[in-house]
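K.L.:
for reference, the sequence and a predicted model appear below.
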Amino acid sequence: MSEDEKKAAQEGHAQEDGSPMREEADGVGEKQRNVPKAEFKIAKMILIAVLLAGGALYYRDSYLPERLFQAAGRSFEEGDYGEAIETYRRALDVKPQQTGIHFRMGYSMEKQGDYRGAMDEYAAHLNDEPDDREALFRLGTLYFDHDMHQDALNALKRAKDLGAPASADYMTGAAAESLGDLKAAREGFMEAIRRSGGDAELLYASSKALMRLGGYPEALSGFTEMGKFVASGDTRAFHGSNAAKAMLGWPTDPACVIEPGVAFGSVTLGETSGDLIADSHWGSPKEQVADGEHSVWGYGGSVEAPETLIFMENDAVIEIVSSAKDFKTPDGLGVANFKEPKYAGRFDRWMAKMGDAVTLYRYVLKEGGLAFFAVGDLDSAVVYSGDMPLSKVDGNEWVKIE
């Protein structure tokens, strides 16, 4: 090996053992060890930034809205509706997709007298929850109050279909009446009475509305129902009932009410002559005929022709016959109108000949206890017990007309 080759071999060996070549390698190694530290610092800074950004988003999207909703809710529950509205608005600015807030805002605005704003908020709420019957009812009522009657009817019908309380029936009737649909109006008011649940004020309002529409029998039923629930001293149901009865031509004085099989006015089957005398409506008779255990007392008219005859047996009333026109059944059936066609279905009609010229008709109420006689120009009513009045003397008289 020449001297030059030996020298080159020694230089190469020296590089492998720590020559300047190894030192350069060491330098590169040092640089390589410093790179991961720099990257870690950058990653750390990025992570911190991400955490800070996430926290800010959480605060903005979750924590802050929740705090605002809670604060608004407290104001709402405490009745501070103005503060509730402002806080809800701030919350919705941050989180507009929050559900349920529009209803509370609408309710708060309604309480504050901002009815237009309330309608807008209820409508916004119903976009999210179209089957909210309370929102539909409140919106329908506001529509009605602002003469938006068709919109009101639509909302109220929907609320009713979803099971809203009976007040929705009343408002449906009121909206239909405003639109001129009187049949639907009466149906709404009648349904309110049927579903009132004893709400005296609802019964009163519905019954008054039916009086206005000419639904006197239905109004009477409402006033009668109301009378079961009003406080002592509240006479509205009593006066309302009498007004309905007067419009129907029914008696308003209990002393003039005929009860089939029970009483004629204030005289009751079975009471004694002493009871009659003590009765302020009857008192002592104008005419009195007695024959053993039987007696007949006459009232009204004249001594020769009393208007009312009360038959007694063993001093107990067994039958009352009268041509008086003031006395009627609770539903208005009396001497003056029992032959009207509308009452025809209530009777079995019988007749008998009286001599050659006069035919006597007896209209016997199917449920018994009351009959009407028609003979010539004289009509009369008979209250009795049993199947037939006492005037049935001969069974052959009673020939049913088929």
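P.N.:
Perfect, I can see it now.

K.L.:
pretty sure residue 384 is touching residue 313, no?
P.N.:
No - using Cβ atoms under 8 Å, residue 384 is not in contact with residue 313, being 12.0 Å away. Every C-beta, even on glycine, is put in place using the N, C-alpha and C of the backbone.

K.L.:
ok, these two, which is more surrounded?
P.N.:
Shown here are residue 384 and residue 313; by other Cβ atoms under 10 Å, residue 384 has more neighbours (24 against 13).

K.L.:
do you know how far that one is from residue 261?
P.N.:
Distance, residue 384 to residue 261, using Cβ to Cβ, to the nearest Å: 7 Å.

K.L.:
find the residues that touch each one of those two.
P.N.:
269, 369, 370 (Cβ atoms under 8 Å, 6 or more residues apart in numbering).

K.L.:
going by neighbour count, which of those residues comes out on top?
P.N.:
residue 370 (25 neighbours).

K.L.:
contact partners for the nearest residue to that one once chain neighbours are set aside?
P.N.:
Nearest non-adjacent residue to residue 370, counting by Cβ to Cβ, 6 or more residues apart in numbering: residue 260, 3.7 Å away. By Cβ under 8 Å, 6+ apart, the residues touching residue 260 are 329, 365, 367, 368, 369, 370, 383.

K.L.:
distance of the second one from residue 217?
P.N.:
In other words, residue 365. When residue 365 is compared with residue 217 (using Cβ to Cβ), they lie 19 Å apart.

K.L.:
quick one: which of the two has more around it?
P.N.:
Shown here are residue 365 and residue 217; by other Cβ under 10 Å, residue 365 has more neighbours (20 against 15).

K.L.:
can you give me the distance of the residue nearest to the more buried one when sequence neighbours are not counted to residue 248?
P.N.:
Nearest residue to residue 365, sequence neighbours excluded (Cβ to Cβ, 6+ apart): residue 260, at 5.7 Å. Distance check for residue 260 against residue 248: by Cβ to Cβ, it reads 18 Å.

K.L.:
how about the residue positioned nearest the centre of the chain, nearest residue that isn't a chain neighbour?
P.N.:
The centroid of the chain falls nearest to residue 166 when counting by Cα atoms, centre = their mean (1.3 Å). Leaving aside its chain neighbours, residue 166 sits nearest to residue 195 (3.9 Å; criterion: Cβ to Cβ, 6+ apart).

K.L.:
which residues in the stretch 301-402 of the chain form strands?
P.N.:
308-313, 316-322, 347-354, 358-365, 370-375, 378-384, 399-400 (DSSP state E, counting those that start in this stretch).

K.L.:
adding distance to residue 75, write those strands out as JSON lines.
P.N.:
Shown next, in JSON lines, are these (distance: least, Cβ to Cβ, whole Å):
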{"stretch": "strand 308-313", "distance to residue 75": "73"}
{"stretch": "strand 316-322", "distance to residue 75": "71"}
{"stretch": "strand 347-354", "distance to residue 75": "69"}
{"stretch": "strand 358-365", "distance to residue 75": "67"}
{"stretch": "strand 370-375", "distance to residue 75": "67"}
{"stretch": "strand 378-384", "distance to residue 75": "69"}
{"stretch": "strand 399-400", "distance to residue 75": "79"}
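
K.L.:
dump the residue contacts of residue 199.
P.N.:
166, 167, 229.

K.L.:
so which of the residues you listed are in helices?
P.N.:
Counting by DSSP state H, these place residue 167 in helices.

K.L.:
so which of the contacts of residue 199 comes closest to residue 109?
P.N.:
residue 167 (20.8 Å; Cβ to Cβ).

K.L.:
correct me, but the closest one touches residue 195?
P.N.:
No - shown here, residue 167 and residue 195 do not form a contact pair, counting by Cβ under 8 Å, at 9.4 Å.

K.L.:
between the two, who's got more neighbours?
P.N.:
Set residue 167 next to residue 195 and count neighbours by other Cβ under 10 Å: residue 167 wins out with 20 against 16.

K.L.:
leaving out sequence neighbours, find the closest residue to the more buried one.
P.N.:
residue 202 is the one closest to residue 167 (Cβ to Cβ, 6+ apart), at 6.1 Å.

K.L.:
related to what we said a few turns ago, and the shared contacts of residue 384 and residue 261, which is closest to residue 151?
P.N.:
Distances from residue 151 to those, taken by Cβ to Cβ, are shortest for residue 370, at 52.2 Å.

K.L.:
quick revisit: now do the phi/psi pair for the residue nearest to residue 365.
P.N.:
Phi and psi for residue 260, reported as degrees, to the nearest 10, are phi -50, psi 130.

K.L.:
check which helix or strand covers residue 160.
P.N.:
helix 149-161 (DSSP states H and E).

K.L.:
just how off-centre is that helix within its chain?
P.N.:
Relative to the mean C-alpha coordinate of its chain, helix 149-161 is positioned 14 Å out (Cα atoms, centre = their mean, to the nearest Å).

K.L.:
against which helices or strands is it packed?
P.N.:
helix 133-145, helix 167-178 (3 or more Cβ pairs under 8 Å, 6 or more residues apart in numbering; DSSP states H and E).
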